[in-house]
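A.B. asks: all I have is the shape, not the residue letters:
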């Protein structure tokens, strides 16, 4: 609890850090705008400067503030952001203050009604929508222009005056969560509801998907193991496996949709309306009137953006794809050279040499992916998208296409141009194992190690101070420690990794049945390492009320269509199938194509036939809709009744 | 105007006809329920028995009633059904009585605010939702059971006590409409807004689609004519045409979606919420509680319905498809026999004989379609669907599959099994022309002729009566005349016809470029004959607030995918393309398949890239949404302000 200068104590929820050299008047102005009453255009939140550590070195940034709010303010904020909560009858409904006592967990004053993550989300929303009134610039910064209706926080952020804004961890809660999540070896499911409670829906969906995908891999892995153990994989028997493969990848994605709808309903995000999206912080343009809101804000013509996309970004992406192809051809030359050396004089070392081109190629692919990622971010930023969602979609598309190409082009080349199933199998294994090891290392252990080093320094500092003063500043310490932690950049990389793993399994695993087993093992450890990095490595992220895994569902579905085509091509190449058409290749191809078309059609029909939302949730949703229609009807009838004497 | 027994005069809107031998108490009960106050569970409408024609013969049914409502009742009904009307700022909003003066065309008491079609739709809705209270059966009919909440009108309909319920034509309005629609030869567009005003959105969408499709055919026809005139169609040059064909069919469907969204926005149905659907009249089952409404109503287990669909309907459909195949093979035998005769001794008569099998086959196809249609309706009825929409979807699916098969199987057989392009061209021409002539005849002229005969009798009767009494009963006459007219069974057959025509053009027209011209000509006359039949042949249908062409959009899109595949197969067969791969058929097929897959992928990407709703309408919609969000926010802030002194 923090004693606010304006009076009441409050639980600190969000930390706002300004640059240490921020102008005094800008800071004062921001604080007063945050504290102002709502009808005066303020956010009506509680904000306090973080107590400066007594005896701290000069280097410590004094401009760190903690923000909280009164209970009443949080509840009205919950109504503003359109939070869904469980109603007394078990259904999920939009929370309204006037109706608050009819919500299930609302007891007394509603102290524990909102989770801390929800409170933090509300505060972030309130800060983000704090708008300039008649200021023309930020006080103290004549060059940082403002106009009525501009989000103050976004402007300060884009100008670097506001360094960061992050929600605080809850130590007790986190300890409990991490214990049930990854600290004990268990056969149970992840505590998804607790994850959602602590991190919000967006992240909970990622872990939900990770878990679902891992379980979905089990049948593939189970079938793959005997193939490997009993040496069934003589490149001849993989027809059966390919058929199983393509049914599997269609079905699991359809059922994930249902699973996802169930989760979203339970978490109250399924029928949540999206709030109106603000322009993203970096967006710039000429001032004009937004045709939707009527507010003055920067506008940037769509035509100009399209020019940038089609004349710069698209050629750049194509160039990168060409480069990736070039690297691939170099790899195949190296491979051929290594094979030659081994064939001439086979020793143990030349045997090792055989694997070296693959390992180098895998490393190069990872490095290229990394570099390309920065370029893609730069380009997408430069395309100047107005909305964060549109920025994300363009970034995802760019990165996906390149990653897909980079990871799978060589495999496609081996499979269809060289038609060498032995090499395909070997390359697949090398690529898969190398990229898994690299990923796990880059993703969790490297950041953890870096952060530990920072933390040690910090704790050392704090301890020295403590011995000096013998006084505790637990909150100040916590805030300074967390401010130093890395920022979690969202679920993008995590989903991307799963997408590529899904690709390895669905496209080619019939050639190397152990792929599913490897991916399964990877995902089991991935759950632990991802959980660990969320709890220990990163700042707490703001929760994000997602209703599904968004554009990734589409990406996975596109991959599953490509998988059907690839698997059929592999089947067509198999000696087993070729044996059925000994006299004519034409007949073989025509039949393969015909069956493939039939299966693609069947896949689309299946997508239609399996409802995206389970029946019992559909019933609950239509019940709510029906009730609101009935209520409207009653209201109309009542009005008619009131009016009728006047007729 | 009719003088109601309860007092006020009213405009008769809807006619309700009961059987002439309906029990007195049932009629009295129904009338009183229609007249009762809403708070007493009635519909609060005005209803009057049609004045019995003085001197009429006994044969005339006395149980014909006209229903109307007070202006106030119609307005509150408009709010209940969620009508969208144009607001003063030009946007479309849900009509509410409390806000009525802010709607554009609301003047004075709002006498001309609602169109007659809208009033009739409201009355139909009120009659349909008139529910039993505590009656256990219809008075006078102990065997016609009722239960609380059962729609009275639907029960009376399903038991045959209520024969029909239809809206009245407006003679003046109809005269104006038919003049601007089809009575003058013109180059202008159809008066779609007037059609919508008179017949409602569902029908206006059909005519809008018909017009759009006709215009979209123009480029195809323009390219087709020189092909025909200059004898370009030596089965060699059709590659270009096929490529054009498949781009054309993708693009026109995407643009229709945008066009349809524009129309729906203008007509206020784009963002209209669907009302809760009642069980359809024929639906039966064991009484239970509906999980959505909580009302007692018949329930029928889904599992049982699925058994009926998969164990009876599906095998039946497959059997019919087999039969259709059998008939096709017989046709080819006849064709071969005729060819033999002609080849042996070619005379003029054997030349004619060549066409006879095709003509017979075309007629047989039409007859089979007709018979199958009845069987499909019977089966779908027997499947006992709860909702009209689900019934319609299953019926459409059954009929579409069979019609598609029946019409196109022979063409596919000729194209791909026989690979005889000359025969394909000849069959296509015969099928197309025969089915067009048959259709136009069966659809408009036959019903018109039948109805004229009936009308003549009727007018004769009326005239005789008039000379007897020399008194006019214009309303009574109009009602009796219209009651005798045929009932328009919905847009199903009209869309089906367009679907098949679209199939002829998109699938095979590259072989017979004149197909597009023929379909274009057909559609130009179709506009006139359809307009004519709506204005003169049929009872006025109730308007139906559709937001798009529904399941037909999907059907047309499915056809366009099939068209891509078919066109590519035709390209692969063409001698031109074969000449590029002189040494290897395998290479040819692989390339064709690869390009086909690429184009299919491109088609799906195009579907994503072209937004379904035009930008300016998207802006209008999000403006409305933004405004409602802002209003909600203000309300919350106001409440907070009101509450704050109490804190």
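C.D. replies: Now that the structure is in, tell me what you want to look at. Bear in mind the structure is a predicted one, so any value in this text is a computation, not a measurement.

A.B. asks: only C-alpha atoms from now on, for both contacts and neighbour counts.
C.D. replies: Will do.

A.B. asks: now do the same contact list for residue A:212.
C.D. replies: Contacts for residue A:212 (CA atoms under 8 Å, 6 or more residues apart in numbering or on different chains) come out as residue A:256.

A.B. asks: can you tell me the element it falls in?
C.D. replies: For residue A:212, the host element (DSSP states H and E) is helix A:201-229.

A.B. asks: what comes up buried for that helix?
C.D. replies: By 16 or more other CA atoms under 10 Å in any protein chain shown, the buried positions in helix A:201-229 come out as A:201-214, A:216-217, A:220-221, A:223-225, A:227.

A.B. asks: next: stretch A:80-96.
C.D. replies: For stretch A:80-96, the neighbour count (16+ other CA under 10 Å) marks A:80-87, A:91-96 as buried.

A.B. asks: now whichever residue of the stretch 1-150 of chain A sits closest to chain B: how far from residue A:136?
C.D. replies: At 5.8 Å from chain B, residue A:80 is the closest residue in the stretch 1-150 of chain A, using CA to the nearest CA. Distance, residue A:80 to residue A:136, using CA to CA, to the nearest Å: 27 Å.

A.B. asks: just the closest residue of the stretch 301-450 of chain A to chain B, please.
C.D. replies: Nearest residue of the stretch 301-450 of chain A to chain B: residue A:302, at 11.2 Å (CA to the nearest CA).

A.B. asks: quick one: pLDDT of the nearest residue to residue A:420 once chain neighbours are set aside?
C.D. replies: Distance criterion CA to CA, 6 or more residues apart in numbering or on different chains; nearest residue to residue A:420, sequence neighbours excluded, is residue A:414 at 6.0 Å. On pLDDT, residue A:414 comes in at 88.

A.B. asks: pretty sure residue A:414 contacts residue A:425?
C.D. replies: No. In this structure, residue A:414 is not within contact of residue A:425 by CA atoms under 8 Å, at 9.5 Å.

A.B. asks: out of these two, which sits in the more crowded spot?
C.D. replies: Neighbours were counted for residue A:414 and for residue A:425 using other CA atoms under 10 Å in any protein chain shown; residue A:425 has more, 22 against 19.

A.B. asks: let me see the contact set for that one.
C.D. replies: Counting by CA under 8 Å, 6+ apart, residue A:425 touches A:511, A:512.

A.B. asks: which helix or which strand is home to it?
C.D. replies: Applying DSSP H and E, one finds residue A:425 within helix A:421-440.

A.B. asks: how far off centre is that helix?
C.D. replies: Relative to its parent chain, helix A:421-440 has a centroid offset of 25 Å by CA atoms, centre = their mean, to the nearest Å.

A.B. asks: one more: stretch A:432-441?
C.D. replies: 20 Å.

A.B. asks: mind listing residues that contact it?
C.D. replies: A:359, A:362, A:363, A:366, A:501, A:504, A:515, A:518, A:522, A:526, A:529.

A.B. asks: so the second one versus residue A:321, what's the distance?
C.D. replies: Distance check for residue A:362 against residue A:321: by CA to CA, it reads 16 Å.

A.B. asks: more neighbours, those two?
C.D. replies: Counted by other CA under 10 Å, residue A:362 and residue A:321 do not tie: residue A:362 has more neighbours, with 23 against 18.

A.B. asks: read off the pLDDT value for the closest residue to that one other than its chain neighbours.
C.D. replies: Leaving out its chain neighbours, the residue that sits closest to residue A:362 by CA to CA, 6+ apart is residue A:431, at 5.6 Å. Note on residue A:431: pLDDT of 81.

A.B. asks: burial count for residue A:431?
C.D. replies: Burial of residue A:431 is recorded as 21 neighbouring residues (other CA under 10 Å).

A.B. asks: ok, it touching residue A:359?
C.D. replies: Yes. With contacts counted by CA under 8 Å, residue A:431 reaches residue A:359, the gap being 7.3 Å.

A.B. asks: tell me how far residue A:157 lies from chain B.
C.D. replies: Computed as CA to the nearest CA, to the nearest Å, the residue A:157 to chain B distance reads 25 Å.

A.B. asks: can you tell me which helix or strand that residue belongs to?
C.D. replies: Assigned by DSSP H and E, residue A:157 belongs to helix A:152-158.

A.B. asks: which parts of that helix are buried?
C.D. replies: Quick answer for helix A:152-158 (16+ other CA under 10 Å): A:152, A:153, A:154, A:155, A:156, A:157.

A.B. asks: turn those residues into a markdown table, columns for pLDDT.
C.D. replies: Output for the buried residues of helix A:152-158, formatted as a markdown table (pLDDT from 0 to 100):
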| residue | pLDDT |
| --- | --- |
| A:152 | 87 |
| A:153 | 88 |
| A:154 | 84 |
| A:155 | 86 |
| A:156 | 89 |
| A:157 | 86 |
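
A.B. asks: what's the angle between the longest helix along chain A and helix A:421-440?
C.D. replies: What stands out as the longest helix in chain A, according to DSSP state H, is helix A:348-382. Here helix A:348-382 points in a direction 60 degrees away from that of helix A:421-440 (axes from the mean of the first three to the mean of the last three CA atoms, to 10 degrees).

A.B. asks: residue A:588: what's it in contact with?
C.D. replies: Contact partners of residue A:588, counting by CA under 8 Å, 6+ apart, are A:572, A:577, A:578, A:581.

A.B. asks: now the strands for chain A?
C.D. replies: For chain A, applying DSSP state E gives strands covering A:2-3, A:9-10, A:14-18, A:46-49, A:64-68, A:84-86, A:92-94, A:137-138, A:141-145, A:162-167, A:286-289, A:296-299.

A.B. asks: most neighbours per residue, which of these?
C.D. replies: The highest mean neighbour count among the strands of chain A, using mean count of other CA atoms under 10 Å in any protein chain shown, belongs to strand A:64-68: a mean of 25.

A.B. asks: reformat the buried residues of helix A:152-158 as JSON lines; add distance to residue B:116.
C.D. replies: Putting those into JSON lines (distance: CA to CA, whole Å) gives the following:
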{"residue": "A:152", "distance to residue B:116": "53"}
{"residue": "A:153", "distance to residue B:116": "54"}
{"residue": "A:154", "distance to residue B:116": "53"}
{"residue": "A:155", "distance to residue B:116": "55"}
{"residue": "A:156", "distance to residue B:116": "58"}
{"residue": "A:157", "distance to residue B:116": "58"}
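
A.B. asks: farthest-apart pair in the residues you listed, please.
C.D. replies: The largest separation in those, counting by CA to CA, is between A:152 and A:157 at 8.5 Å.

A.B. asks: which of the contacts of residue A:588 are buried, as a ChimeraX select command?
C.D. replies: In ChimeraX syntax, the buried subset of the contacts of residue A:588 is picked out as below (16+ other CA under 10 Å):
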select /A:572,578
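
A.B. asks: which of the contacts of residue A:588 fall in helices?
C.D. replies: Secondary structure assignment by DSSP H places A:572, A:577, A:578 of those in helices.
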